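> sharing a model that was predicted from the sequence below.
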Amino acid sequence: MAIASISTLTSASPNSWQEAAELGFARASDTLRGITGIKLVEEKARVEDDVIVEFLVTLQVIFLLEESQVEDSEGD
C-alpha cells in the first residue's frame, strides 16, 4: 500500500519564477526520496524601486512514504 505526503516550501530566484521552482525542486530532491510530483501553489515577486528584484514560488512536493520495518515484518 502506497501512502503519499506533501511538503510545502518556498523558493526564490533573482531571474524567474521557473528558476525559483527548479531550485526549490532540486533542493527538495536532496532531502526527500520518492518524489512523484510538484504543484505550484503561488507565485510572488519582491519589488524595490519599481523593479522586480526577486521571484518567489510556493511549491507542494508530493512524495511516497517509505514502508516501515514493522509493517514489513507483520506480513511474514
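Sure, I can see it.

> all strands of this structure, in order?
In the chain, the strands defined using DSSP state E lie at 4-13, 35-48, 51-64.

> with distance to residue 26 and mean pLDDT added, can I get the ones you listed in JSON lines?
Bear in mind the C-beta positions are built from the backbone N, C-alpha and C, glycine included. Shown next, in JSON lines, are the strands of the chain (distance: least, Cβ to Cβ, whole Å; pLDDT from 0 to 100):
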{"stretch": "strand 4-13", "distance to residue 26": "9", "mean pLDDT": "96"}
{"stretch": "strand 35-48", "distance to residue 26": "11", "mean pLDDT": "97"}
{"stretch": "strand 51-64", "distance to residue 26": "11", "mean pLDDT": "97"}
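
> make CSV out of those strands and add mean neighbour count and distance to residue 28.
Converted to CSV, these look like this (neighbours: other Cβ atoms under 10 Å; distance: least, Cβ to Cβ, whole Å):
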stretch, mean neighbour count, distance to residue 28
strand 4-13, 14, 6
strand 35-48, 12, 7
strand 51-64, 16, 5
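
> redo those strands as CSV? Include distance to residue 29.
Shown next, in CSV, are those (distance: least, Cβ to Cβ, whole Å):
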stretch, distance to residue 29
strand 4-13, 12
strand 35-48, 6
strand 51-64, 9
